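[1] got a predicted structure plus its sequence, pasted below:
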Amino acid sequence: MRNPQKLISIAAVLALLLALVACSPSSTGSTPPPASNTTTASSKTPETNSTEAASDELIKIDVYNITANYQGVQGGWWGKLMKDKFNVEFNIIAPNVSGNAETLYQTRTAAGNLGDLLLIAPDQMLDCLQVGLIMDITDLVQDSQYLKEFDIAIDNMKEYLNTDRTYCIPNRVSFSNPMAPLTTGLNPFPGNFLRWDYYMEIGAPEINNMDDLLDVVEQMVQAHPTTENGDPVYGFSIFKDWDQGGVRLVSEYMFMYGYQWGPGMYWTQCYVNNDASDHSLFTDEDGLYKESLRFFNQAHRRGLLDPDSPTQNYDMVRSKVMEGRVMQKWWNWMGGSIHDVFNVDADIPYAYVPISNQQLVTEGFSPYGVECIALGVGCKNPERVIKFLDYYASPQGQLDQTHIEGLTYEMVDGRPVLTEFGLKATAEGLTVPEEYGGGTYFDGMSKVAQAFRNDNDICPVVGEPYNSALWQSTIERNANLYTKQWTEKYGTNTPVEYVLQNNLIKVAPGCSYKPGTESPDIAVMRSQCTKLVVDTSWKMLYANSDEEFEALWQDMQEQLPGFGYEEVTRVTLEMVKEIEASRAETIAAFNK
């Protein structure tokens, strides 16, 4: 593995976060929010001549994006910005909302056309390259200004693909230390986030374990069973469209106790600890996944689990969170938190609340990236698409994906400051002026692809992180009653400080491992096993007795051998050993 010399030390990363916090009023634990809650689409892009772009013929680009939660034409303010700059229009193809992601992928690859611009997983990249669906972009990347900056990630993919040519550029790359925790703003990811005002109202009892969490959430729902509009409030609300090896929102519970998916293992029934020296199978009798299912089943039997969960999607749950109809969530960026860009007069106050016996595990920063961005072999305008991607990979291009200078932020005395519109735009669903493209601000944000750079890295355009929740001015303005209460209770300014000081978090270091393509036999067996596990899990969530819960579990265990589960698990555990070796290599390299 190459030892990236560009990486910043963990001390530097933490020093930045602490320095930003130190500039805020100490009485108000200020915690900056994730970049997804505030946005920056600047109209100033020196790399692109908008006059030249406008003179080009309009082209429409089909974007196959495995991370997208929206399907259709990219509209709104960012869509207008891209049409003005490049005269392009993007049609998003989103497996997440297609109804059956695997079927969509197989259908399009069999037809020989996944799309013009692709955001796919590394194993899909390998699969597509082997059948000739990916364009060679070596020369185009070499002639770029920004894409070639990601040489560490690009070279790692070349090695993985067994080629000396460039076929893709990884996204979500960071030049920060892979041993540093990848947080969302100053909140851990994931974590236990509760409706803070209602939690304080019931006396803010200590939560020692997940049974205590059920009791606390039940008290909160009993005190506030409906919203002011009369809509029902639930303790927990989950969705299906991100399910892979199991029920995704259920398996987040496992992150709370030190186990998460390994790189490229989303579709398996196995999570690993931070260094992959241990694993937990979803089918273990006394394992964390069954414990997670039991937790949510208890929530159902107490009337705390949203009955719409089996039929709703991410956007539906997010809407309920934004309306204050859910008491607990795993992610601060789903609707924000008091330590994010927060409007005390309008936003719903969610906050991270620690669970005493938890041992969070979170990803480390990765110089190798996560997914792959590539061009389909049938892309008719590769030069223009690469020109767009080079801009998209630039610091200005990343800033533009979420903010509009002059509308959502402005530079004041050399530092970026959110405007009143920027503070309220996402949470309150504000409408963007027609001159920028109209529509709501959130709906108009880029749906094309996850950014090339990590939002916590420093943006040279503004001199502070891409994530505007981490801007010093945001932290200073974010001081409010709730952050003051939080600091008084927990003794630190931010949730990240708290979990670090109390040793409640471990880091799974960013490593170079990527899984290979599985044999057709294993792929079929894994797909069948996964369907059984997912379908049974949803039934178990809504079981009305311990007997029904256990009967469903036992029936699944009896069926799995017939689908080849033993052979699938053997392959999975071989992957675990490879991940352990790769993470050990990363740790050794950065301990030198």
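    Nice, I can see it.

[2] where in the chain is the helix or strand with the lowest mean pLDDT?
    Ranked by mean pLDDT, DSSP states H and E, the helix or strand of the chain with the weakest confidence is helix 10-22, at a mean of 37.

[3] what residues of the helix or strand hosting residue 484 count as buried?
    Take DSSP states H and E as the rule and residue 484 turns out to sit in helix 481-490. By neighbour count, and taking 16 or more other C-beta atoms under 10 Å as the criterion, the buried residues in helix 481-490 are 482, 483, 484, 485, 486, 487, 489, 490. C-beta coordinates here come from the backbone N, C-alpha and C atoms, glycine included.

[4] okay, now the closest residue to the last one other than its chain neighbours: neighbour count?
    Nearest residue to residue 490 in three dimensions, chain neighbours excluded: residue 498, at 5.3 Å (C-beta to C-beta, 6 or more residues apart in numbering). In terms of burial, residue 498 registers 22 neighbours under the definition other C-beta atoms under 10 Å.

[5] what about the stretch 101-250 of the chain, any weak spots by pLDDT?
    The model of the stretch 101-250 of the chain has no residue with pLDDT under 70.

[6] check the chain too.
    Low-confidence segments of the chain, defined by pLDDT under 70, are located at 1-55, 427-428.

[7] walk me through the domains of it.
    Following automatic domain parsing, one finds the domains of the chain at 38-175+369-455, 192-330+518-592.

[8] minimum distance to residue 355: which of those has it?
    Distances from residue 355 to each of the domains of the chain were compared by C-beta to C-beta, and the smallest falls on domain 192-330+518-592, at 4.9 Å.

[9] out of the domains of the chain, nearest to residue 336?
    Each of the domains of the chain was checked against residue 336 via C-beta to C-beta, and the shortest separation belongs to domain 38-175+369-455, namely 6.0 Å.

[10] helices along the stretch 201-350 of the chain, start to end?
    210-223, 248-255, 288-301, 314-322 (DSSP state H, counting those that start in this stretch).

[11] relative orientation of the last one and helix 248-255 in degrees?
    Translated: helix 314-322. Regarding helix 314-322 and helix 248-255, their directions subtend 60 degrees when assessed with axes from the mean of the first three to the mean of the last three C-alpha atoms, to 10 degrees.

[12] can we start the residue count at 37 from this point?
    Will do, 37 is the new start, and the previous item becomes helix 350-358.

[13] list the buried residues for helix 350-358?
    Within helix 350-358, the residues that qualify as buried are 350, 352, 353, 354, 356, 357, 358, counting by 16+ other C-beta under 10 Å.

[14] can you redo these as CSV with distance to residue 593?
    Putting the buried residues of helix 350-358 into CSV (distance: C-beta to C-beta, whole Å) gives the following:
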residue, distance to residue 593
350, 30
352, 32
353, 30
354, 35
356, 34
357, 35
358, 39
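
[15] thinking again about what came up before, got the helices of the stretch 237-386 of the chain as JSON lines, with distance to residue 608 columns?
    JSON lines is the format used below for those (distance: least, C-beta to C-beta, whole Å):
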{"stretch": "helix 246-259", "distance to residue 608": "26"}
{"stretch": "helix 284-291", "distance to residue 608": "15"}
{"stretch": "helix 324-337", "distance to residue 608": "14"}
{"stretch": "helix 350-358", "distance to residue 608": "27"}
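
[16] quick one: closest of these to residue 389.
    For these, distance to residue 389 was read as C-beta to C-beta. The smallest value, 8.3 Å, belongs to helix 246-259.

[17] that closest one to helix 324-337, inter-axis angle?
    Our comparison of helix 246-259 with helix 324-337, counting by the same axes, to 10 degrees, yields an angle of 20 degrees.

[18] list the helices and strands helix 246-259 packs on?
    In this structure, helix 246-259 packs against strand 229-231, helix 232-237, helix 324-337, with contacts taken as 3 or more C-beta pairs under 8 Å, 6 or more residues apart in numbering; DSSP states H and E.

[19] pick the most deeply packed of these.
    When you average the neighbours per residue for each of these (mean count of other C-beta atoms under 10 Å), strand 229-231 leads with a mean of 26.

[20] and the longest helix seen in the chain, what does it pack onto?
    When the chain is parsed with DSSP state H, its longest helix is helix 601-626. For helix 601-626, the contact count by 3+ C-beta pairs under 8 Å, 6+ apart identifies strand 306-308, strand 315-317, helix 556-577 as packing neighbours.

[21] hmm, try it at 6 Å
    Applying 3 or more C-beta pairs under 6 Å, 6 or more residues apart in numbering; DSSP states H and E, we find helix 601-626 packed against helix 556-577.

[22] buried residues, the following helix or strand past the helix it packs on. List them.
    On the C-terminal side of helix 556-577, the closest following helix or strand by DSSP H and E is helix 582-595. Across helix 582-595, burial judged by 16+ other C-beta under 10 Å covers 585, 588, 589, 592.

[23] quick one: helix 582-595 to chain centroid distance?
    Taking the mean C-alpha point of helix 582-595 and that of its whole chain, the gap between them comes to 32 Å (C-alpha atoms, centre = their mean, to the nearest Å).

[24] residue 273 contacts residue 343, doesn't it?
    No: taking C-beta atoms under 6 Å as the definition, residue 273 is not a contact partner of residue 343, at 9.6 Å.

[25] who has more neighbours out of these two?
    Using other C-beta under 10 Å, the more surrounded residue of residue 273 and residue 343 is residue 273, with 24 against 13.

[26] and that one, how far from residue 335?
    Counting by C-beta to C-beta, to the nearest Å, the gap from residue 273 to residue 335 is 10 Å.

[27] what about the residue lying closest to residue 461 once chain neighbours are set aside, neighbour count?
    Closest residue to residue 461 in three dimensions, ignoring its sequence neighbours and counting by C-beta to C-beta, 6+ apart: residue 477, at 3.8 Å. Look at residue 477: counted by other C-beta under 10 Å, it has 29 neighbours.

[28] give me the element residue 536 is part of.
    Take DSSP H and E as the rule and residue 536 turns out to sit in helix 531-537.

[29] so which bits of that helix are buried?
    Within helix 531-537, the residues that count as buried by 16+ other C-beta under 10 Å are 531, 532, 533, 534, 535, 536.

[30] give me the contact list for that helix.
    With C-beta atoms under 6 Å, 6 or more residues apart in numbering as the contact definition, helix 531-537 has outside contacts at 219, 222, 223, 224, 388, 526, 528, 541.

[31] same check, this time on stretch 273-282
    Everything outside stretch 273-282 that qualifies as a contact, by C-beta under 6 Å, 6+ apart, is 132, 284-285, 302-305, 318, 342, 345, 348-350, 353, 356, 362, 566, 569-570, 573.

[32] what's the answer for stretch 317-329, then?
    Contacting residues not belonging to stretch 317-329 are listed as 282, 286, 289, 290, 293, 295, 305, 306, 316, 573, 576 [C-beta under 6 Å, 6+ apart].
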